[in-house]
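Peer 1: heads up, no residue letters with this:
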């Protein structure tokens with residue numbers, strides 16, 4: 001029986017992955033004095049979407065060969081590695097954009113936010129397992145008035161290993177006091193889907209315009225249900241729960 005639904009945050013409840021990709025593009029624009037945000041940064045982020053902040057920044061530095069541009073700024077930013085400069089620039093830009101709670105509300109995914117509220121009010125425990133950091137997560141949840149809709153909230157600070165390692169989902173199951181096989185995960189990225197599958201959980205991949213190609217290219221669809229039409233999310237979740245409950249009886 002499915003007794004808990006665990007949600008990812010970025011890209012699943014909120015289109016924050018799109019906003020973070022745009023922030024990276026703006027950071028590269030400023031770094032290289034370009035006329036407009038660098039679309040290559042968006043594509044590089046798309047390749048690593050769902051990973052932790054440090055992994056994403058390292059990937060973009062490598063893909064765009066940014067080290068020569070970032071190295072002279074190490075002292076100014078008080079960091080030791082070029083990728084840390086890019087992270088600081090991206091975070092500053094992103095934080096400035098989402099400081100307005102209305103930006104977060106305008107970029108929520110209504111179908112998953114509604115499902116979270118329905119799940120919490122009706123039939124199961126709910127959790128959040130995200131690679132974002134606690135301060136960012138708290139701001140998003142407050143902006144969407146979701147603080148009381150979750151039994152457990154886990155962030156990057158709570159684990160040693162980032163997705164696709166299953167650590168955060170296994171910890172969520174422990175905190176919820178529900179066996180992994182009785183948990184349903186909602187994810188949007190290949191890394192997130194892999195983490196849920198590796199944890200032995202039932203996984204639904206909510207494909208977004210930002211992650212759809214990655215989900216299919218990585219062949220994670222073999223191990224998860226994929227929802228392409230957000231209007232069908234509740235229907236697919238109910239069907240998945242019903243099928244699982246039949247299988248275990």
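Peer 2: Everything's here; your move. None of the values given here were measured: they were computed from a predicted structure.
Peer 1: Going along the chain, name the strands of this protein.
Peer 2: Taking DSSP state E, the strands of the chain run over residues 4-7, 125-129, 152-154, 183-187, 202-206, 225-227.
Peer 1: Turn those into TSV, columns for distance to residue 235, mean neighbour count and mean pLDDT.
Peer 2: Backbone N, C-alpha and C define where each C-beta goes, glycine included. Shown next, in TSV, are the strands of the chain (distance: least, C-beta to C-beta, whole Å; neighbours: other C-beta atoms under 10 Å; pLDDT from 0 to 100):
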stretch	distance to residue 235	mean neighbour count	mean pLDDT
strand 4-7	15	26	96
strand 125-129	19	24	97
strand 152-154	26	21	98
strand 183-187	14	26	95
strand 202-206	11	25	91
strand 225-227	9	18	83
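Peer 1: contacting residues around stretch 171-181?
Peer 2: 3-4, 6, 125, 127, 129, 151-152, 154, 158-159, 169-170, 183, 199-202 (C-beta atoms under 8 Å, 6 or more residues apart in numbering).
Peer 1: Repeat that for stretch 38-49.
Peer 2: By C-beta under 8 Å, 6+ apart, the surrounding residues in contact with stretch 38-49 are 11, 17, 20-22, 24-25, 27-29, 32, 55-56, 59-60, 63-64, 189-191, 210-211, 213-214.
Peer 1: What residue spans form the domains of this protein?
Peer 2: 4-15+103-247, 17-99 (automatic domain parsing).
Peer 1: Now, of the contacts of stretch 38-49, which are buried?
Peer 2: Taking 16 or more other C-beta atoms under 10 Å as the criterion, what is buried in those is 11, 17, 20-22, 24-25, 27-29, 55-56, 59-60, 64, 189-191, 210-211, 214.
Peer 1: now, which of the residues you listed lie within helices?
Peer 2: Of these, the ones assigned to helices by DSSP state H are 17, 20-22, 24-25, 27-29, 55-56, 59-60, 190-191, 214.
Peer 1: Quick check: residue 140 touching residue 105?
Peer 2: No: taking contacts as C-beta atoms under 8 Å, residue 140 lies outside contact range of residue 105: 9.9 Å.
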